[in-house]
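Trainee: output the structure for:
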Amino acid sequence: MSLRTLNGKVVVITGAGGGMGREMARLAASQRALLALSDWDADALAETVDIVKALGAEVRSDVVDVSDRAVVGQWATDVVGQFGRVNMVVNNAGVSMSGDFEDMSYDEFDWIVGINFNGVINGTKEFLPHLIASGNGALVNISSLFGLISMPGQSAYNATKYAVRGFTEALREEMLVNRHPVTVTCVHPGGIKTGIARNGRTTAHEDQASLVSTFDEKLARMPADKAAGIILKGALAGKARVLVGADAHAMHHFAKLAGSRYQDVVARIAPRVV
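Mentor: Numbering: from 1, shown residues only. Next up, the predicted model:
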């Protein structure tokens, strides 16, 4: 069973202050969904709220740090208290942390794990009972192309996105085994035109300006609104996995064909590129 339509459905989106989160909120609003949006950046979130309200959407917005379990739990309670149900949850909030692992502090590693992985865990744990209770729910967790292949300088990001993938796929199996009416979709975007590199962090040895320039000019090929459309279409169809972008498809197939040897190829031709 899949959700099939957002008309009249309550859609929860984290990281809605910009990028894919904002575009998914915009698209859901155009399809007459009721929205519960969050972001850590109050100003950016307010801009998204103005956009979806202009489209006629009923929207609730909350400033939420997804790494804070208690805050996410209270948010879920408040959302259900206002709307009475939840039909779709998109755990979209994410950050980047670039640099070699040997140069990275424990605090830097913990920061990205807290948001990229624990944020998904928190959002899933707090909203899953409500998705089940809806009788026809959809859970969407955003991993990455880097949840399918690894890259030098992205060990922390890779770790979190692989973790999201493994968790999401196992959870989907549990929903099937227990016959719960919830589809579970893991999303793997490639280079999307968002602010993730500009708003991310790097180790002390990295040149962040150069990294941002590389991402924005060479890697981020797909507009965020196009990515949002692919994600929501896949989620509404109940797909287990959604690849977003030609680069995601190409690199995923390359890694499958090359097996573990893909790591040697990447180490030779693409060191430090992302």
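Trainee: now do the longest helix belonging to the chain: everything it contacts.
Mentor: As assigned by DSSP state H, the longest helix anywhere in the chain is helix 155-177. With contact meaning C-beta atoms under 8 Å, 6 or more residues apart in numbering, helix 155-177 is reached by 94, 96-98, 100-101, 104, 108-109, 112-113, 116-117, 120-121, 124, 139, 141-144, 146-148, 150-151, 180, 182-186, 188, 240. The way it works is simple: take the backbone N, C-alpha and C, and place the C-beta from them, glycine included.
Trainee: list buried residues within those.
Mentor: The neighbour count (16 or more other C-beta atoms under 10 Å) marks 94, 96-98, 104, 108-109, 112-113, 116-117, 120-121, 124, 139, 141-144, 146-148, 150-151, 180, 182-186, 188 as buried among the contacts of helix 155-177.
Trainee: list the buried ones in the helix or strand of the chain with the lowest mean pLDDT?
Mentor: None of the helices or strands of the chain scores lower by mean pLDDT, DSSP states H and E than helix 208-214, at a mean of 78. Going by neighbour count (16+ other C-beta under 10 Å), the buried part of helix 208-214 is 211-212, 214.
Trainee: ok, back up a step: so which of the buried ones among the contacts of helix 155-177 belong to helices?
Mentor: 108-109, 112, 120-121, 124.
Trainee: could you work out the most separated pair of the residues you listed?
Mentor: Checked with C-beta to C-beta, those reach their widest spread between Glu108 and Thr124, with 24.5 Å between them.
Trainee: next, the angle from the longest strand along the chain to helix 155-177.
Mentor: Identified as the longest strand of the chain according to DSSP state E is strand 182-189. Strand 182-189 runs at 160 degrees relative to helix 155-177, counting by axes from the mean of the first three to the mean of the last three C-alpha atoms, to 10 degrees.
Trainee: show me what the following helix or strand past strand 182-189 is packed up against.
Mentor: Counting by DSSP states H and E, the next helix or strand C-terminal to strand 182-189 is strand 192-193. Strand 192-193 sits against strand 222-223, helix 224-236, with contacts defined as 3 or more C-beta pairs under 8 Å, 6 or more residues apart in numbering; DSSP states H and E.
Trainee: which one of the ones you listed lies nearest to Ala246?
Mentor: strand 222-223 (8.1 Å).
Trainee: counting contacts, what elements does the closest one pack onto?
Mentor: Judged by 3+ C-beta pairs under 8 Å, 6+ apart, strand 222-223 is in contact with strand 192-193.
Trainee: show me what the strand it packs on is in contact with.
Mentor: 19-20, 216, 220-224, 227, 244-245.
Trainee: and that strand, average pLDDT?
Mentor: Taken as a whole, strand 192-193 has a mean pLDDT of 90.
Trainee: give me the sheet partners of that strand and which way each runs.
Mentor: Next to strand 192-193 in the sheet, as set by DSSP bridges, lie strand 222-223 (parallel).
Trainee: who's in contact with the strand it pairs with?
Mentor: By C-beta under 8 Å, 6+ apart, strand 222-223 touches 189-193, 244-245.
Trainee: in ChimeraX, how would I select just the buried ones from those residues?
Mentor: A single ChimeraX command suffices to select whichever of the contacts of strand 222-223 are buried according to 16+ other C-beta under 10 Å:
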select :189,190,191,192,193,244,245
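Trainee: make a markdown table out of the contacts of strand 222-223 and add distance to Ala46.
Mentor: Formatted as a markdown table, the contacts of strand 222-223 follow (distance: C-beta to C-beta, whole Å):
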| residue | distance to Ala46 |
| --- | --- |
| Pro189 | 25 |
| Gly190 | 29 |
| Gly191 | 28 |
| Ile192 | 23 |
| Lys193 | 22 |
| Val244 | 27 |
| Gly245 | 29 |
